[in-house]
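K.L.:
Got a predicted structure plus its sequence, pasted below:
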Amino acid sequence: MAKSGSSTDDKGTAKTAARKVPLPSPDAGTNLLIADIVVRGASTLFRNAVEKRVAKASVDEDSDAQDLLDGRAVITTLGLYGASKLATRSVPGLLMVSGGLLAKTLYDRGKARQRRLAKEASPPAGSPNDAE
């Protein structure tokens, strides 16, 4: 009988504790702006760190990884921004972007396989077949 009242008390205590946390400004709009800047800054730092690790894992040399990251065109950056917005705003958008990424991955793997098979099928340089 007192259990339902105790859960309400727990929620009330949590709300009261949350209200006691000092905020940087008495204005709610300013506090939201500060929180937004902090979250965006942290996500940018995280994204840049992930991009660097993925680039380094994808290429053989660190200089190639840096060139890969520095060589982005403005149109590429805008395309990535648009795709991320599309994916985060709706489930169909997420499905469209993830489907496109899956198709691109499969295409890249197929091309790499074709190059590998062509390389295996071609005779090495300086072999007896080159004399003909």
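P.N.:
In hand now; what should we look at?

K.L.:
helix or strand for Arg113, which one?
P.N.:
For Arg113, the host element (DSSP states H and E) is helix 91-121.

K.L.:
Okay, buried residues for that helix please.
P.N.:
Val97 (16 or more other CB atoms under 10 Å). From N, CA and C alone the C-beta is placed, and that goes for glycine too.

K.L.:
so what does that helix touch, helix or strand wise?
P.N.:
Secondary-structure packing of helix 91-121 (3 or more CB pairs under 8 Å, 6 or more residues apart in numbering; DSSP states H and E): helix 74-89.

K.L.:
The helix it packs on - contacts with which helices or strands?
P.N.:
Checking 3+ CB pairs under 8 Å, 6+ apart, helix 74-89 ends up next to helix 91-121.

K.L.:
how far out from the middle of the chain is the helix it packs on?
P.N.:
On the basis of CA atoms, centre = their mean, to the nearest Å, helix 91-121 sits 18 Å off its chain's mean C-alpha point.

K.L.:
quick check: mean pLDDT across it?
P.N.:
Per-residue pLDDT over helix 91-121 has a mean of 93.

K.L.:
quick one, that helix and helix 74-89 angle?
P.N.:
Relative orientation of helix 91-121 versus helix 74-89 (axes from the mean of the first three to the mean of the last three CA atoms, to 10 degrees): 130 degrees.

K.L.:
By mean pLDDT, which helix or strand of the chain comes out lowest?
P.N.:
helix 3-19 (a mean of 60; mean pLDDT, DSSP states H and E).

K.L.:
which parts of the helix or strand harbouring Ala42 are buried?
P.N.:
Element membership of Ala42 [criterion: DSSP H and E] is helix 28-58. Going by neighbour count (16+ other CB under 10 Å), the buried part of helix 28-58 is Ala55, Lys56.

K.L.:
let's number from 36 now, not from 1
P.N.:
Got it, first residue is 36 now, which makes that one helix 63-93.

K.L.:
quick one: contacts of the helix or strand just after that helix?
P.N.:
Note on helix 63-93: by DSSP H and E, the next helix or strand toward the C-terminus is helix 97-105. The contact list for helix 97-105, computed with CB atoms under 8 Å, 6 or more residues apart in numbering, reads Glu86, Lys87, Ala90, Lys91, Ser93, Val94.
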